[in-house]
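Chemist: Sequence and predicted structure below; questions after.
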Amino acid sequence: MESIIIYTDGGCRGNPGPGGWAYVIKTNEFKRTLSGGDTYTTNNKMELTAVIRSLEAILKDKELSDRKIELHTDSQYVKNGISTWIKNWVRNGWKTAAKKPVKNKELWIELKEVSDKLDVTWKWVKGHSGDPLNEACDRKVNEEMSKIQ
């Protein structure tokens with residue numbers, strides 16, 4: 001069975017400030033894009049939101065939810081957080097190695113819950129490096145921020 005390719009991006013103008021998120025889901029059969037925004041947020045919240053929304057879309061589609069997923073993000077925060085750091089955060093009662101509360105805990109919990117139900121491989125892609133699907137997400141993020149401003 002063919003795998004699903006997902007690209008996500010998020011950002012904001014100012015940090016915090018008006019923000020946007022976007023994703024592209026691609027299979028051999030189709031390509032879907034969705035985006036949204038928030039009037040006052042942070043880059044990291046928008047990066048997490050993009051990933052969560054994309055995986056929720058996969059879970060809602062019974063024909064897609066059992067496929068392998070290759071998720072591309074240009075956020076080291078998201079990739080490292082979900083693939084490495086989160087194990088220790090959970091073990092340490094949602095505290096960092098420095099014993100401070102994990103920022104964006106609610107979003108991390110949401111991401112963990114949705115990603116645990118899927119077969120996701122996490123990939124980091126360098127932002128603004130010409131990758132067509134990453135650039136498409138970035139354009140949508142900027143459109144969302146412009147709508148808000």
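Modeler: All right, it came through fine. Residues are numbered from 1 along each chain as shown.
Chemist: show me the residues around the spatially most central residue of the chain that make contact.
Modeler: The C-alpha lying nearest the average C-alpha coordinate of the chain belongs to residue 51 (Cα atoms, centre = their mean; 2.2 Å). Residue 51 makes contact with 8, 23, 71, 73, 78, 82, 111, according to Cβ atoms under 8 Å, 6 or more residues apart in numbering. Quick note: C-beta positions are derived from backbone N, CA and C, even for glycine.
Chemist: Would you agree the last one is in contact with residue 52?
Modeler: Yes: here residue 111 reaches residue 52: they are 5.2 Å apart, a contact under Cβ atoms under 8 Å.
Chemist: Just the strands from this structure, written as ranges.
Modeler: 4-12, 17-26, 31-41, 68-73, 119-124 (DSSP state E).
Chemist: Could you identify which of those strands is most buried?
Modeler: Burial of those is given as mean neighbour count (mean count of other Cβ atoms under 10 Å); strand 4-12 ranks first at a mean of 26.
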